[in-house]
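Participant: Sequence and computational prediction follow.
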Amino acid sequence: MATLATVLRKPAAETARPLPGIGSGWIGTAVLVVAVAAVLGPFAWILTASFKYQIAIYSGEWPFAPTLSNYAEVLFGRRSDFSGNVVNSLIVASVSTALVLIVGSLAAYSLQRFRWPAWVSATFLGWTLIFHMIPVMTLIGPWYVAFRELGLYDTRFALILTHVTINLPMTVWLMRAFFREVPREIEEAAVVDGCRPFQAFYKVTLPLVVPGLIAAGILAFIFSWNEFPVALSLTSRELATVPVAIARFAQQYEIQHSQMAAASIIATVPALILMALGQRFIVRGLTLGAVK
Amino acid sequence: MDLLNRHFRHWSLIPAVALFVLLTLYPVANLFRMSVSTIAFSEGREVWTFTPLANLALLRADEVIAPAVLNTVIFVVVAVALEILLGLALAILVAGVARGKGLVRTVMILPILVPPVAIGSMWKLLYNYDFGIFNQALTALGLPPVNWLGSTSLALWSVIAVDVWHWVPFVFLILFAAVEALPVEVLEAARVDGATRWQLVRRVMLPLLKPAIVVALVFRTILAFKVFDEVYLLTSGGPGTSTELVTLHLYKVFFEQNQLGYGALLSLALIAAIVAFLLVGARAMCAARA
């Protein structure tokens, strides 16, 4: 996710000047329009499906009479656990995000500021990289075994621990990049003024990397909210998260297609909100990082 | 508070290290122990038996693993190749446009942030035989509907198409950032020297973009190996074994067949394969930089 982080940290609107010599105006514009339509089209189709009665989806009639009944049924229906799933997802995602920010920024700061022997930081960072690239499915088996042994199977605590672990590599790498931009002199001045090491970190450096914390927090929240295989394997019906609930929709014998569409739309809402709020912070993160 | 300060240097790294040791290193070590054991549950307790050869026998008797490996290789190679090609073409063509770049970035971030499970369920609806948008379009054109996910010859390609839709934007964003960072003077100079548009792309831009392309390639390959959510939603590996992938099979071994020992053996093999690929990939990246 380090690459995703660099992509996200690019300012959204920069040079208006087109590169010379490639794609004369209208070809490029046409391609751009087609690409945007290809990405948005499926979302638009599902969005309309979520406002249709099941029968209108089957008949494909157009125009159709819009209805909110799918959302009402999914969120408040007597046979639906979905609102409980949303609560579970919110709890797991918020707590694991808070924890990963604490653990991750402490580790990133430590590796960046203190003179650890080279092998310590190399081993730590190397292992985070390798772990990030291994399919998480390979570790779910041993997690399942260990959590059952400890009596933690099917608890939010276990799910939160695994989500913190999964998001830790991204957080450490991103926060390290932000800490690197804070000049050492600022802290040294604080220490001269009588700050202890932890105070210098907490009161001086941390406020300077708030944009980084927001960017990392948004990504961690979204990944935790989206995470599927671990939640599927380590929780039962009671503690299922939103993705698990959507998968259950798709596996019912008679699929409620319109409700499945509504649930999928609801599942994408947090990502949209956070992204809408976040892009600004991620852009500001770049400019604020340049404290001289 | 004084304690916090005194040993800050040491304890600041401890939570992260502890988490990694307990939740990644220990489980990997445990995989070795599991892979030579049979684990059963009786009355809520785990019963481990040391059966070093039983899991190897299970591997030999496993008829799904070969198609799963083959499908995974096809999936990774075809999907990643298409994503790089389309993403690159898109990045180069869109770079010539003066307006709308901010919009395109926002839109392209969307598929990356939406839950993969929601993308799976979306495309399950789009591919639906009776009322999905593709079959609606075919019927409107007077053509017979196609069983996108239910036919053994087509299902894998339908799944690959979803992955391409999902990840072309990611490749595009990486390569678009690289295209934007290209030195304008060099491109201008080439054009003044009379390079055609194709020569400009082929001889000037592609060599300059090579490092970014390799980065996108390595990242996408690793992520493609990890694919699980969408395919679980779309086909769960079916029909038959036509879309069975290694990760899906691993899930089934662990949690549907309850073969924890054999699953551990497969996990170890998969980790070994990934690490081997990483070493090769790292070498390729270094070569591209040089």
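Facilitator: It's in.

Participant: can you list the weak-confidence ranges in the chain?
Facilitator: Because you didn't say which chain, this covers chain A. A:1-25, A:60-62, A:280-292 (pLDDT under 70).

Participant: try again with chain B
Facilitator: If you take pLDDT under 70 as the line, chain B has these spans: B:1-3, B:43-44, B:98, B:289-290.

Participant: redo that, cut-off 80
Facilitator: Low-confidence segments of chain B (pLDDT under 80): B:1-7, B:9-10, B:40-47, B:51-52, B:95-102, B:105, B:238, B:281-282, B:284-285, B:288-290.

Participant: center of it, which residue is that?
Facilitator: residue B:224 (1.8 Å; Cα atoms, centre = their mean).

Participant: Test my guess that it contacts residue B:79.
Facilitator: Yes: between residue B:224 and residue B:79 there is a contact under Cβ atoms under 8 Å: 5.6 Å. Heads up, the C-betas are built off the backbone N, CA and C, glycines and all.

Participant: Can you say which helix or strand has residue 55 in it?
Facilitator: Unless you meant another one, I'm taking chain A. helix A:54-59 (DSSP states H and E).

Participant: actually it's chain B I care about, not the one you picked
Facilitator: With DSSP H and E as the test, residue B:55 turns up in helix B:54-61.

Participant: again with residue B:39
Facilitator: strand B:37-42.

Participant: any idea how far the spatially closest residue to the residue nearest to the centre of chain B that is not a sequence neighbour is from chain A?
Facilitator: Excluding the flanking residues, the one nearest residue B:224 by Cβ to Cβ, 6 or more residues apart in numbering or on different chains is residue B:76, at 4.4 Å. Distance, residue B:76 to chain A, by Cβ to the nearest Cβ, to the nearest Å: 12 Å.

Participant: Near residue 45, how many other residues are there?
Facilitator: Since you didn't name a chain, this refers to chain A. Per other Cβ atoms under 10 Å in any protein chain shown, the neighbour tally for residue A:45 reads 16.

Participant: right idea, wrong chain: chain B
Facilitator: 9.

Participant: what is it paired to in the beta sheet?
Facilitator: residue B:42 (DSSP bridges).

Participant: Distance of it relative to residue A:235?
Facilitator: Distance of residue B:45 to residue A:235, given as Cβ to Cβ, to the nearest Å: 21 Å.

Participant: cool, residue B:241 as well?
Facilitator: Taken as Cβ to Cβ, the span from residue B:241 to residue A:235 is 28 Å.

Participant: Residue B:104 now?
Facilitator: According to Cβ to Cβ, residue B:104 and residue A:235 sit 38 Å apart.

Participant: Count the neighbours of the closest residue to chain A within the stretch 1-150 of chain B for me.
Facilitator: Closest residue of the stretch 1-150 of chain B to chain A, Cβ to the nearest Cβ: residue B:96 (3.1 Å). Close neighbours of residue B:96, defined as other Cβ under 10 Å, add up to 22.

Participant: Quick check: it touching residue A:28?
Facilitator: Yes: with contact defined as Cβ under 8 Å, residue B:96 counts as touching residue A:28 (4.1 Å).

Participant: hmm, back to that, check which helix or strand covers the residue nearest to the centre of chain B.
Facilitator: Element membership for residue B:224, per DSSP H and E: helix B:206-225.

Participant: Just name whatever secondary elements the helix or strand that that helix is followed by is in contact with.
Facilitator: Counting by DSSP H and E, the element after helix B:206-225 in chain order, helix or strand, is helix B:229-234. Applying 3 or more Cβ pairs under 8 Å, 6 or more residues apart in numbering or on different chains; DSSP states H and E, one finds that helix B:229-234 contacts helix A:242-251, helix B:116-126, helix B:155-180, helix B:246-255.

Participant: What are the contacting residues of helix B:229-234?
Facilitator: Helix B:229-234 is touched from outside by A:228-229, A:243, A:246-247, A:250, B:115-117, B:119-121, B:123-124, B:127, B:149, B:158-159, B:162-163, B:166, B:237, B:243, B:245, B:248, B:251, with contacts defined as Cβ atoms under 8 Å, 6 or more residues apart in numbering or on different chains.

Participant: just to revisit the earlier point, show me what counts as buried in the strand holding residue B:39.
Facilitator: B:37-39 (16 or more other Cβ atoms under 10 Å in any protein chain shown).

Participant: okay, now residue 270: neighbour count?
Facilitator: Picked chain A for this. By other Cβ under 10 Å, the residues close to residue A:270 number 21.

Participant: You answered for a different chain; I wanted chain B.
Facilitator: 20.

Participant: So it versus residue B:26, what's the distance?
Facilitator: From residue B:270 to residue B:26 the distance is 18 Å (Cβ to Cβ).

Participant: so what's the closest residue to chain A within the stretch 151-290 of chain B up against?
Facilitator: Residue nearest to chain A within the stretch 151-290 of chain B (Cβ to the nearest Cβ): residue B:267, separated by 3.6 Å. Residues near residue B:267 by Cβ under 8 Å, 6+ apart: A:137-139, A:141, B:31, B:35, B:250.

Participant: among the helices and strands packed on helix B:229-234, which is the most enclosed?
Facilitator: Comparing the helices and strands packed on helix B:229-234 by mean neighbour count (mean count of other Cβ atoms under 10 Å in any protein chain shown), helix B:116-126 ranks first with a mean of 25.

Participant: Closest to residue A:45 out of the contacts of residue B:267?
Facilitator: residue A:137 (30.6 Å; Cβ to Cβ).

Participant: I figured that closest one was touching residue B:252, is that so?
Facilitator: No: using Cβ under 8 Å, residue A:137 makes no contact with residue B:252, being 10.5 Å away.

Participant: May I see the buried residues of stretch A:45-54?
Facilitator: By neighbour count on 16+ other Cβ under 10 Å, the buried set for stretch A:45-54 is A:45-47, A:49-54.

Participant: I should have written stretch B:194-214 there, sorry.
Facilitator: B:195, B:200-201, B:204-205, B:209, B:212-214.

Participant: Which strands and helices lie in contact with whichever strand or helix holds residue A:125?
Facilitator: In this assignment (DSSP H and E), residue A:125 forms part of helix A:118-133. Here helix A:118-133 touches helix A:82-113, helix A:156-180, helix B:14-20, helix B:260-289, going by 3+ Cβ pairs under 8 Å, 6+ apart.

Participant: Can you name the residues in contact with the shortest one?
Facilitator: It refers to helix B:14-20. In contact with helix B:14-20 (Cβ under 8 Å, 6+ apart) are residues A:102-104, A:106-107, A:124, A:127-128, A:131, A:161, A:164-165, A:168, A:172.

Participant: After that helix, which helix or strand is next?
Facilitator: helix B:26-35.

Participant: Could you do the second one as well?
Facilitator: Taking DSSP H and E as the definition, the helix or strand that follows helix A:156-180 towards the C-terminus is helix A:184-192.
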